[in-house]
Every structure is written in structure tokens, then in C-alpha cells.
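[1] Output the structure for:
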Amino acid sequence: MEIKSINAEVLQKMFIAGAKNLEAKKEWINELNVFPVPDGDTGTNMTMTIMSAAKEVGGITNPTMETIAKAISSGSLRGARGNSGVILSQLFRGFTREIKECDEIDVEVLSKACVRAVETAYKAVMKPKEGTILTVAKGMSDKACELFSESDDLVYVIDEIIKHGDYVLSQTPEMLPVLKQAGVVDSGGQGLMTVLKGAYDALLGKEIDYTIEGVSTPSVSVSTEDLPMDEADIKFGYCTEFIINLTNPLSDDEESKFKAFLESIGDSIVLVADDEIVKVHVHTNQPGEAFTKALTYGSLSRMKVDNMREEHHERLIKNAEKMAEQQKAEEAQKKANEPRKAYGFIAVSVGEGLDEIFKGLNVDEIISGGQTMNPSTEDILNAVDKINADNVYVLPNNKNIILAAQQAESLVEDKNVVVIPSKTIPQGIAAMIGFIPDNTAEENKEAMIESMSYIKTGELTYAVRDTVIDDKEIKEGNIMGIGDSGILSVGEDIDATAVEMVKEMQDEDSEIVSIYFGAEVTEDDANALSDKISEALPDVEVEVYPGGQPIYYYIISVE
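    Reported below is the predicted structural model:
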């Protein structure tokens, strides 16, 4: 089989096929995350980025190279989430800039587009790191240029490019020691290869089922005929459903224990398991407890929570929603009519307690998200649009959101958007405290960044698999203390691991330790930890705040 050119219709099919292939394998890519945390998200971020573009591409009825290029570029740019998603969108942006003026793609156009894709992506990253998706993309670009004079058959050329990409990907652990220690290849690079392999299969005309081989979703039917309609008769108010993508198959004993746990927090339980997934349905007053327990067995998908006490109030709810939308529109109009202020603020946050802290520091818009769910460039643009101010400061509060924020910064023309590169919640809080209303926008940027420099952050969560990182052996279920630059402590006890983490963070200049406790931690537990830290470090002052964040038992700062 020989193909010498790709037209717009074929490119449309290839792009959608690549997107679907990535979507089908996103959980597998998530599991390549170096840190064995329960919210590894590279596959999810890349999938949400490319699917944003795929929806636009799929909606084109009479495709031309220009319309396809525009849809790929704009869709992925606005939908980009996380560092991997932003880099993927920049690769698409550069590639489409090269092809948009062409009627068809041949080997020469392909090689030029690959070069431009890599150049665009490298420019978007402040400090490009080798051993990542960028390295894999560059390796394939170099191979495309090498093959340009060798053959005009796209089937042969793309196949060779993919083979070389797989080889470069296999070498990423040799370039990044942290990958080698964890025993994984770069997850972003793997995501890119997954997209290209799906696209190549479409070029070959294959009929493909893009579900992951061996995984099927059990069918669960739950009768609602006997659901009580009297609110007072409903013992458990939330109908909770989800799928567990198992790390390891459940033994009969584990399945029985899990079912017993669900029975202890609810009723109407349906649990169907095979070797790779578990479908769960439970009526409970504690959906969060069901999710947290399930995360000990693997990652979650298709999570759905319905409030049964409200189902028979549907008409009232719809009216309330309509009124809320009207009120929201009125408030937006009121804001638009108000005099434009000098400064506005956006913070990415997760957890009611953390949200309240930022609101207390005069943050105008809170974007819900963080490590568990990175907001997209479009989410940030929408928040900027709501603020009637000349200068809008954006606090990403997560290193995996900074690139998306910077991408939004470059797209806004009617306001001065300033991204403060906060990598953690405590850094974002410190930045807001460092803001001085009488300073200029640039002076405040410098002051806010300087305020962040005095903050060290540690986060406490649990491991979802065995691995070795920073020469520390980690077992599934261990408690991990993760600092600004790596693993600080590993143990089996939450408090002991937290104290060890804080000891690693503090130095002779440390004065204040701030503890933000998560959704699964009680205030009494947090105060008990505070006492232990005070005992271990008598020269520092310890403060405790409700954070409400999921997954992470504690976020702790030392300053």
C-alpha cells in the first residue's frame, strides 16, 4: 500500500482516530505518572485537550485544510489542560500553521510541519526538559527530515517516524533519572505516540474499536420503582455510581470486604467486578467515603452522584436554576456597569476552606481545580472575562496549571493579565498577602513572586503503587510527604510521616508552620498533629486551618 498525499477529509479522520485512541488509553497513561499519587492526570489532561479539538474537527461537514487546521489549533488551544495538554496544543498549533495553506500534505509538507510543531512547542516552555514529550516530538521531527529525501510514500515515512518515536520514548528513562527510578517512560511522550498510532491506523483505512482490549463495562440495572417519594422516608440521600479501574484484580475476600464497607455506609448496593474493573452503585449519605475507599483499589471514572431527596422537586429546582441564571446575569450586568477597577484576582483552588481563605484575601474569581482536575485555558479566559479590571492577576497554585494560565495570558487583549507562577496553594496565599494596592502592576508582580520565595510546601497523601523515587522505596498504601522538589518522607502513619516531612522542610530561619487539613481529616486530628509538630519543633509557631481539599490529608507550609 502506497499513499503519496493526505487531503482534508483523510486528515479529519486521522485526527479524530488519534483523539479516540488517546481517550481509550488515558487511564493507562495516567498510571505512568512518576509519583504514585491517586490523582495522576497526564492521560486525562491530554485527552481533554485533544477531545476539545476533536469536537470542532468532527463538526466540519465540508472540510478544507484551512478549516481543519483552524479547528485543531483553536480547539486544542482553548481546551488545553496541564503541562502535557498545553505542550500537545502547541505541537498542534505549529503543525497546523504549516499545513493550513496547503491543499494536501505530502512528505515535504509533513517534514516542514513536524519541524514547526517542535519549534512552537519548545518556545512555549520556559525551561524545556529533555526526556519528556518534547524530546519524543523532536526525535520524530528529526526523523521526518531525514526521510524527506528517501521516499515519497507517506505510509512508509509515517511508519518509520512512529518506530523512531517509540525508540526515543524508550530512552526517556536514561535522560530523566526520576523516570528510571520509577520504572516508567515519560507519560506525555506515551500520550503523543498513542495519538499518532491511532491517526496512522486511520490512514491505513483500518476499522478500529478504540476501547482497551480486555476491558468491558458490566451492565448494571437498578430499579427505581420502589424509591421513596417522601423526603423524610429516604435514609440514604445520594445515589452514587462509579467505575473502579483496578490496579490489581480483587480477590473474593477483598470483594466481600469492599461490599461490607459499602453496606456500612449505605444500601441498595450493586457491585459487579471482573479482573480489570468494578462497577459500583450505592445509596449513601457519604459519597466521598465511597470514592475514597474505592481509590485504594485503583483509579475512578464515570463518577455520578444524584440527590434522591431532590428528584421529586425537579420543577422547583428548574425554577431555582432559572432564577439563579437571571440573578447571575443581573450581577454580571451590574459588574459591567460599575467603574473599572485597577486590580482583579483569580485563584485556582479546591476545597471549601481554601476557597474561603482566598475570598478573604480579596480574590474575585475562584476556579475549582488543582492536581485532581487541571482547569483549561478556556476556564481561565472565562474567569478573566468576568472581572472588570485593568490588571488581572492569575494564581495557578499548581505547577501543572502554569502553562495553561500563561497561554490564556497571551490570548487576552483588553486587559493586562499577569500570571503569578504559584506552584502550590500556600505560595498563592503568600502572593496575595504580598500584594500592595498602591504599587504598580509590575511592582506588585515582583513583590508577589518575592513573597512566594519564602514559602516551602509539603503535601501528604498515599501511594497507589509500589515504586522507588529519590532513593526511597515506596509500597502501595504508604503515606508520602511530597515537597517542592520531591519525596521528603515515607511511612505508614499519617502523623509520623507529616512530622518527618516538616522536619525536612524547616531550617534555622523557619518561624511559622501552617497546616491546611483535608476533607477526610477532622479538626481534632489536625490539632493533634499541630501538637506533635510543636513538640518536635518548639521554636516555630504552628497554625491550623480547614482546607477541605480531597486526596491530600494535609497541605503544610513552612516559612
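
[2] Contact partners for Lys123?
    Gln90 (Cβ atoms under 8 Å, 6 or more residues apart in numbering). Placement of C-beta: from N, CA and C, glycine included.

[3] Please shift the residue numbers so they start at 7 in all later answers.
    New numbering, starting at 7: the last item is Lys129.

[4] Which strand or helix spans it?
    helix 113-130 (DSSP states H and E).

[5] Is the residue nearest to Ile35 when sequence neighbours are not counted in a helix, a strand, or coil?
    In space, and not counting its chain neighbours, Ile35 is closest to Gly49: 3.2 Å by Cβ to Cβ, 6 or more residues apart in numbering. Using DSSP: H, G, I helix; E, B strand; the rest coil, the structure places Gly49 in helix.

[6] Hmm, Gly49 is touching Val201, no?
    No. Contact between Gly49 and Val201 fails when scored by Cβ atoms under 8 Å: they sit 11.3 Å apart.

[7] Mind listing the shared neighbours of the two?
    With Cβ under 8 Å, 6+ apart as the test, Gly49 and Val201 both reach Leu28.

[8] So what's the gap between the host helix or strand of Asn533 and the chain middle?
    Following DSSP H and E, one finds Asn533 within helix 529-542. From the chain centre to the centre of helix 529-542 is a distance of 31 Å (Cα atoms, centre = their mean, to the nearest Å).

[9] Just list what that helix packs against, helices and strands only.
    helix 500-511, strand 518-523, strand 547-552 (3 or more Cβ pairs under 8 Å, 6 or more residues apart in numbering; DSSP states H and E).

[10] May I see those arranged in CSV, with distance to Ser416 as well?
    Conversion of the helices and strands packed on helix 529-542 to CSV gives the following (distance: least, Cβ to Cβ, whole Å):
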stretch, distance to Ser416
helix 500-511, 34
strand 518-523, 32
strand 547-552, 34
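
[11] out of these, deepest packed?
    Each of the helices and strands packed on helix 529-542 was assessed for mean neighbour count using mean count of other Cβ atoms under 10 Å. The highest is strand 518-523, with a mean of 22.

[12] Give the other helices and strands that it contacts.
    Using 3+ Cβ pairs under 8 Å, 6+ apart: strand 518-523 touches helix 431-439, helix 529-542, strand 547-552, strand 560-564.

[13] Model confidence for the nearest residue to Glu114 once chain neighbours are set aside, exactly?
    Of all residues not flanking Glu114 in the chain, Phe154 sits nearest, at 6.1 Å (Cβ to Cβ, 6+ apart). For Phe154, the pLDDT comes out at 88.

[14] Kindly report the same for the one 10 residues further on.
    In this prediction, Ile164 carries a pLDDT score of 96.

[15] just Ala389 next, same as before
    Taking Ala389 on its own, its pLDDT is 93.

[16] Next, count neighbours for it.
    22 (other Cβ atoms under 10 Å).

[17] Name the nearest residue to it, sequence neighbours excluded.
    That would be Glu371: by Cβ to Cβ, 6+ apart, it lies 4.3 Å from Ala389.

[18] OK, contacts around the one you found?
    Gly350, Phe351, Ile352, Ala353, Ala389, Lys392, Ile393 are the contacts of Glu371 under Cβ under 8 Å, 6+ apart.

[19] The second one should be in a strand, yeah?
    Yes. With three-state DSSP as the criterion, Phe351 is part of a strand.

[20] so what's the closest residue to it other than its chain neighbours up against?
    Leaving aside its sequence neighbours, Phe351 sits nearest to Val369 (Cβ to Cβ, 6+ apart; 4.5 Å). By Cβ under 8 Å, 6+ apart, Val369 lies in contact with Phe351, Ile352, Ala353, Leu401, Met438.

[21] where are the low-confidence patches of the chain?
    Applying pLDDT under 70 to the chain flags residues 40-46, 214-240, 314-331, 334-344, 377-378.

[22] hang on, isn't Lys118 packed against Glu107?
    No. Here Lys118 lies out of contact with Glu107, judged by Cβ under 8 Å, at a distance of 11.2 Å.

[23] Between the two, tell me which one has more neighbours.
    Using other Cβ under 10 Å as the criterion, Lys118 and Glu107 rank with Lys118 on top: 19 against 10.

[24] Just give the nearest non-adjacent residue to the more buried one, would you?
    Glu104 (5.3 Å).

[25] Spit out the contact partners of the one you found.
    Applying Cβ under 8 Å, 6+ apart, the residues near Glu104 are Val115, Lys118, Ala119, Arg122, Ala123.

[26] Of the contacts of Glu371, which is the nearest to Gly489?
    For these, the residue nearest Gly489 by Cβ to Cβ is Ala353; the value is 21.8 Å.

[27] Just list whatever residues bridge to that closest one.
    Note on Ala353: beta-bridge partners by DSSP bridges are Ile372, Leu401.

[28] which residues does Ser416 contact?
    Counting by Cβ under 8 Å, 6+ apart, Ser416 has no contacts.

[29] do you know how far it is from Lys76?
    Going from Ser416 to Lys76 by Cβ to Cβ, to the nearest Å gives 18 Å.
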